[in-house]
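Q: got a predicted model here, sequence first, then my questions.
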Amino acid sequence: MEQPARFLDGNTPGILHCKLCPRLCVIPDGNFGACRVRGNKNGKGILPFSGCVTALAADPIEKKPLYHFRPGSKILSVGFAGCNLNCPFCQNWHISQSVDAPQKKMRPDDLISAALNTASRAIAYTYSEPLVHIEFLLDCMTLAHKHGIANVLVTNGCINSEAAGEILLLTDAANIDLKCFSHDNYANILGGNLDTVLAFIRLAAAQNVHVEITTLIVPGFNDSVKELDLCADFIRSSPAASEIPWHLSAYHPDYRWNAPPADPELLLALKKQAAEKLLYVYAGNIPDEENNTTCPGCGEIIVRRIGYCTDSWLSLPKAGEQSYRCAKCGGKTAIRR
C-alpha cells in the first residue's frame, strides 16, 4: 500500500510546496524536489522511494561515528537514496546525489527483523540523508521502540522545526553534521541553511537525545582556525554542552571537490585547539590515531579506541541513570547506555 506523503502543501492547483526542509521546494506536476525522492503526481504527493534501501550492514557503532553511546556494540545501518543538500565533497555521493543505485524494497518490520537477527539492539538511519524519507522513518522508529531497539539518526540536520520535533521524540542518539559555520557557504555551496542546522542541534540536545557532532575538515571550504573556533563556541553554548563530543573528520578528494586530502597534522592541531573549549574532541580518518575517552573525575582512560576497536572500563549505571560510571573511581561519565 502506498505510503501517504506529509509536509507537502497542495493549496496551489497542480503544484506542491514541500515544507520538510528550508529549501521549501515548489514541485510542479511530474517533478521531484531537490532531494529527488519527494514528488508530485497529478497534484498529489508521492514517495516512490519510500522503503527503498540502498545499503544495509551491521557496523561498529564507532563508525557512525558515535563514541559516547554504547561503545563497542554493533548497530544495524540502513541507507536510502537522495539528499536535500548538494555537498560537492560528499563521501557517499553515489547514493545521496542519485536515485539510480541498486535498491531493495523493505518494510519497517523487515528492518526490525534484520536488527534482531544480527543481534543489533539499535538501528542507524545513515549513509545518505535519512530525513528526506521521514514518513518511513517514523514508522520504523515507532516499531523499533516497541521491540526495545534504539533509534540513531546520522543526519545533516537540515529539517524544519515541525518535522524535527516529531522525529526527535523517537530518536535515542544522533550524529549531526555541522559542515561549516558560514551562512553563505551553507546556502550557496551546499544548498542548506546554517540556522536550521543549529536549531536542530539545540532541539535534539534539549530533548535529551544523545548528541554527537561531526565536521568534515575540507581544505578551501571550512578549514580556517577562525571558522572552526566559531563551531566550538556554538557547541559550548548548546544544551548539555559538557556531554557533546565533536568529531573532526579528515576529508579525502571525492565527487566534485578536488582539493588535496586534509593534512593529519592540521587536524590534530585543530583538535588540540578545540580541546581548550570542549571536553570531548576526536580526530577521525587518521590512521593509527587513538581516540580515547577519559573519566571527567579521575582522568583515567575509560574507553580506548584505535580505529573501530575498543576496550572499556565502565560500570553499569545506577537505577534511574542513563550514563555509565567509571569502573576505576565510580564517578559519572558522559557515555550513555
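A: Everything's here; your move. Quantities reported herein were computed from a predicted structural model and do not represent experimental measurements.
Q: which residues touch Lys332?
A: Pro296, Gly297, Glu321, Ser323, Arg325, Cys326 (Cβ atoms under 8 Å, 6 or more residues apart in numbering). For the C-beta atoms, the positions are set from N, CA and C on the backbone; glycine is no exception.
Q: what of Arg6?
A: Counted by Cβ under 8 Å, 6+ apart, Arg6 has contacts Gly45, Ile134, Glu135.
Q: kindly report the same for Lys19.
A: Phe7, Leu8, Asp9, Asn160, Glu162.
Q: circling back: may I see the PyMOL selection of the buried members of the contacts of Lys332?
A: To isolate the buried members of those in PyMOL, using 16 or more other Cβ atoms under 10 Å:
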select buried, resi 296+323+325+326
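Q: now the strands for the stretch 51-200 of the chain?
A: Taking DSSP state E, counting those that start in this stretch, the strands of the stretch 51-200 of the chain run over residues 52-53, 55-60, 74-79, 104-105, 122-126, 150-155, 173-177.
Q: can you lay out these as TSV showing distance to Ala115?
A: TSV is the format used below for the strands of the stretch 51-200 of the chain (distance: least, Cβ to Cβ, whole Å):
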stretch	distance to Ala115
strand 52-53	13
strand 55-60	9
strand 74-79	4
strand 104-105	16
strand 122-126	5
strand 150-155	10
strand 173-177	15
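Q: include mean neighbour count, distance to Val197 and mean pLDDT when you put those into TSV, please.
A: Below are the strands of the stretch 51-200 of the chain laid out as TSV (neighbours: other Cβ atoms under 10 Å; distance: least, Cβ to Cβ, whole Å; pLDDT from 0 to 100):
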stretch	mean neighbour count	distance to Val197	mean pLDDT
strand 52-53	20	26	98
strand 55-60	16	24	96
strand 74-79	23	20	97
strand 104-105	10	30	96
strand 122-126	25	17	98
strand 150-155	25	9	98
strand 173-177	24	7	98
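Q: quick one, which of those gets closest to Gly284.
A: strand 173-177 (11.1 Å; Cβ to Cβ).
Q: what sits up against the closest one?
A: Under Cβ under 8 Å, 6+ apart, the answer for strand 173-177 is 64-66, 69, 122, 150-157, 168, 197, 200-201, 204, 209-216, 247, 336.
Q: thinking again about what came up before, looking at the strands of the stretch 51-200 of the chain, which is closest to Tyr280?
A: Nearest of those (Cβ to Cβ): strand 173-177, 13.1 Å.
Q: could you give the angle of that closest one to strand 122-126?
A: 20 degrees (axes from the mean of the first three to the mean of the last three Cα atoms, to 10 degrees).
Q: who does strand 173-177 pair up with?
A: strand 150-155 (parallel), strand 210-217 (parallel) (DSSP bridges).
Q: can you give me the helices in the protein?
A: 93-96, 108-117, 134-146, 161-168, 183-185, 194-206, 225-237, 264-274 (DSSP state H).
Q: how about JSON lines for the ones you listed, with distance to Leu314 and mean neighbour count added?
A: Formatted as JSON lines, those follow (distance: least, Cβ to Cβ, whole Å; neighbours: other Cβ atoms under 10 Å):
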{"stretch": "helix 93-96", "distance to Leu314": "35", "mean neighbour count": "21"}
{"stretch": "helix 108-117", "distance to Leu314": "23", "mean neighbour count": "16"}
{"stretch": "helix 134-146", "distance to Leu314": "24", "mean neighbour count": "19"}
{"stretch": "helix 161-168", "distance to Leu314": "26", "mean neighbour count": "17"}
{"stretch": "helix 183-185", "distance to Leu314": "39", "mean neighbour count": "12"}
{"stretch": "helix 194-206", "distance to Leu314": "22", "mean neighbour count": "20"}
{"stretch": "helix 225-237", "distance to Leu314": "24", "mean neighbour count": "16"}
{"stretch": "helix 264-274", "distance to Leu314": "23", "mean neighbour count": "16"}
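Q: okay if I get those as CSV plus distance to Gly33?
A: Output for these, formatted as CSV (distance: least, Cβ to Cβ, whole Å):
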stretch, distance to Gly33
helix 93-96, 14
helix 108-117, 23
helix 134-146, 13
helix 161-168, 14
helix 183-185, 22
helix 194-206, 16
helix 225-237, 28
helix 264-274, 35
